[in-house]
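**Student:** pasting the sequence and the predicted coordinates here, then a few questions.
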Amino acid sequence: MTTTATLTFDQAIEQAGFGRFQKKLMLVCGLGWAADAMEVLLISFALPAIGQEWNLTNAQKGLLGTAIFLGMLAGAWVWGRLSDLVGRKIGFVSTVAIDSLFGLASAFAPSFGWLVALRALTGFGVGGTLPVDYAIFAEYLPAEKRGRYLVLLESFWALGAVLAAGLAWLIVPHLGWRWLLAVSAAPGVIIFFIRRLVPESPRYLAAGGQGERAAEVLRQVARENGRELPAFRLAPVAAAAPSRTSDLLRPALRRTTLLLWLIWFAISLGYYGVFTWLPGFFRAAGMTLLPVYQNAFILALAQLPGYFSAAWLVERWGRRKTLAFYLVASGVFTYLFAAANSLGWVVGMGVWMSFFTLGAWGALYAYTPEAYPTRVRGTGMGAASGFTRIAGAIAPSLGALLMGGGLALPLSVFAASYVIAGVAGLFLPQETRRKPLLDAVEQAGPGQAD
């Protein structure tokens, strides 16, 4: 007689193990994330050529840099909420299709107005990938591996940044900015078809009362990882009322939510303020067009070891300490970047600035989905991402406004923004390292620091 065991979801995902399935999923999510990074960052590399072709003012350049973030703001809130209401997969597939379609259309924009509109529509797809991708990937990971691999997933952003900088270096001086936008949109088309094969998150299914479907997905995960789950059924999850956005501000989550909103806003103001105008800062430092792209490529490469070091530290120091340290270091090196008085020091300080900033992003992406229970995880990620997009929309125009007084003023403002985010990180109420993901809002109160 076969005995059917009853397992909690966390017990089942631990027994399914970590292996080929999660590594394939990281690649699928990561390549989409790299494609999104290219869509977000390539405008900063194309701005000098676009501005020259259409004789744009700094204000118009700022608007063009802002457009994608306005779309991302709407996309983050819409797709994050939708992922909690109807499932992760619809956004997982649809968002990459939207950003690829309108990203490609941007290459054929007949005027400045059309380009602004198409970049905003591109952003609507890009903005949805953050809450959806991180929710679905986190929910497939055993607790021991979750922090490291969420940071490593974020490292694909650096890959996209390297590709955007490299393509700009190779394409813009010779073929123009339209070819850059067209080539950058191509990978998303391929990724769209691959994503259709990924099953719905079993944790989402289990939390929604679909235990049998969730168990079948877990068996598929185990088989791909070379394991065989014993006959089991998932322990039923206590029925919960339909989630609402207001749940993010219930007493159990309020402190976490408000601090995360502040951190996401502040790190984004610093990051997009600096990197949207990075070619402009280099040009102001006396570099010609080709060295601008070469040095932007070097700074993009520096992001990769920043991610890898953060991926190591989040499992040793913990999420909060790593996040706070990397944010404060980002502020310090951004200020030193502003104060540098030679081209060598500009590039050197820029490398360290890039290293710590992207490491901080990695730690933040590891912490945020872990801080929210399953029924509001997509909503929580989407809301936090929304503050990123608000800051991203403000940062290019703020940089344009402050650059009139020289480079030191805007870079000092962005440096201060990093430091504020780092201090806020120290006050996050719980350390999530190696802890099971939460399923109920009531479980999400302040925990003990590790």
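**Tutor:** Done, it's in.
**Student:** so where's the stretch 351-450 of the chain uncertain?
**Tutor:** Applying pLDDT under 70 to the stretch 351-450 of the chain flags the ranges 404-406, 438-450.
**Student:** those helices in it, which residues are they?
**Tutor:** 377-402, 408-426 (DSSP state H, counting those that start in this stretch).
**Student:** between those helices, which one is closest to residue 107.
**Tutor:** Residue 107 lies closest, by Cβ to Cβ, to one member of those: helix 377-402, at 20.5 Å. In this view, the C-beta of every residue, glycine as well, is placed from N, C-alpha and C.
**Student:** packing partners of the closest one?
**Tutor:** helix 58-86, helix 112-139, helix 254-276, helix 343-371, helix 408-426 (3 or more Cβ pairs under 8 Å, 6 or more residues apart in numbering; DSSP states H and E).
**Student:** could you dump those helices to a markdown table with distance to residue 21 and mean neighbour count?
**Tutor:** Converted to a markdown table, these look like this (distance: least, Cβ to Cβ, whole Å; neighbours: other Cβ atoms under 10 Å):
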| stretch | distance to residue 21 | mean neighbour count |
| --- | --- | --- |
| helix 58-86 | 20 | 23 |
| helix 112-139 | 11 | 25 |
| helix 254-276 | 29 | 23 |
| helix 343-371 | 18 | 24 |
| helix 408-426 | 32 | 21 |
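**Student:** what's the closest of the ones you listed to residue 191?
**Tutor:** Closest to residue 191 of the helices and strands packed on helix 377-402, according to Cβ to Cβ: helix 112-139, at 10.2 Å.
**Student:** now the following helix or strand past the closest one: buried residues?
**Tutor:** For helix 112-139, the following helix or strand on the C-terminal side (DSSP states H and E) is helix 143-175. Buried positions in helix 143-175, judged by neighbour count with 16 or more other Cβ atoms under 10 Å: 143, 145-169, 171-172.
**Student:** want to try CSV for the helices of the stretch 351-450 of the chain, with distance to residue 99 as columns?
**Tutor:** Putting the helices of the stretch 351-450 of the chain into CSV (distance: least, Cβ to Cβ, whole Å) gives the following:
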stretch, distance to residue 99
helix 377-402, 14
helix 408-426, 26
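**Student:** which one of these lies closest to residue 341?
**Tutor:** Nearest of the helices of the stretch 351-450 of the chain to residue 341, taken as Cβ to Cβ: helix 408-426 at 10.8 Å.
**Student:** and the closest one with helix 254-276, angle?
**Tutor:** For helix 408-426 and helix 254-276, the angle between their directions (axes from the mean of the first three to the mean of the last three Cα atoms, to 10 degrees) works out to 150 degrees.
**Student:** who touches helix 408-426?
**Tutor:** With contact meaning Cβ atoms under 8 Å, 6 or more residues apart in numbering, helix 408-426 is reached by 259, 262-263, 266-267, 269-270, 273-274, 277, 281, 320, 323-328, 330-332, 334-335, 337-339, 357, 360, 395, 398-399, 402-403.
**Student:** C-alpha coordinates for it, CSV please?
**Tutor:** The C-alpha trace of helix 408-426 is given here as CSV (Å, rounded to 0.1, in the frame of the first residue of the first chain):
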residue,chain,number,x,y,z
ALA,A,408,29.5,68.9,-9.4
LEU,A,409,26.0,69.9,-8.4
PRO,A,410,24.0,67.2,-10.0
LEU,A,411,26.4,64.4,-9.1
SER,A,412,26.5,65.6,-5.4
VAL,A,413,22.7,65.4,-5.3
PHE,A,414,22.7,61.9,-6.8
ALA,A,415,25.5,60.9,-4.3
ALA,A,416,23.4,62.2,-1.4
SER,A,417,20.4,60.1,-2.7
TYR,A,418,22.5,56.9,-2.5
VAL,A,419,23.5,57.7,1.1
ILE,A,420,19.9,58.3,2.2
ALA,A,421,18.9,55.0,0.7
GLY,A,422,21.8,53.3,2.6
VAL,A,423,20.7,54.7,5.9
ALA,A,424,17.1,53.6,5.3
GLY,A,425,18.4,50.1,4.6
LEU,A,426,19.7,49.8,8.1
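**Student:** and the helices and strands packed on helix 377-402 as TSV, adding distance to residue 383?
**Tutor:** Shown next, in TSV, are these (distance: least, Cβ to Cβ, whole Å):
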stretch	distance to residue 383
helix 58-86	7
helix 112-139	8
helix 254-276	7
helix 343-371	10
helix 408-426	16
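**Student:** nearest to residue 302, of those helices?
**Tutor:** helix 343-371 (4.3 Å).
**Student:** show me what contacts residue 367?
**Tutor:** 319, 320, 323, 428, 432.
**Student:** just want the most central residue of this structure.
**Tutor:** The chain has residue 130 as the residue nearest its centroid, 5.2 Å off, counting by Cα atoms, centre = their mean.
**Student:** distance of it from residue 216?
**Tutor:** Distance of residue 130 to residue 216, given as Cβ to Cβ, to the nearest Å: 28 Å.
**Student:** can you check residue 381 too?
**Tutor:** As judged by Cβ to Cβ, residue 381 and residue 216 stand 26 Å apart.
**Student:** who has more neighbours, those two?
**Tutor:** Counting neighbours by other Cβ atoms under 10 Å for residue 381 and for residue 216 shows that residue 381 has the greater number, 29 against 14.
**Student:** for residue 206, see how far away the closest residue to that one other than its chain neighbours is.
**Tutor:** Once flanking residues are discounted, residue 381 sits nearest to residue 131: 3.6 Å by Cβ to Cβ, 6 or more residues apart in numbering. Here residue 131 is placed at a distance of 19 Å from residue 206 (Cβ to Cβ).
**Student:** with residue 388 instead?
**Tutor:** From residue 388 over to residue 206 the distance is 29 Å, taken as Cβ to Cβ.
**Student:** noted, bye for now.
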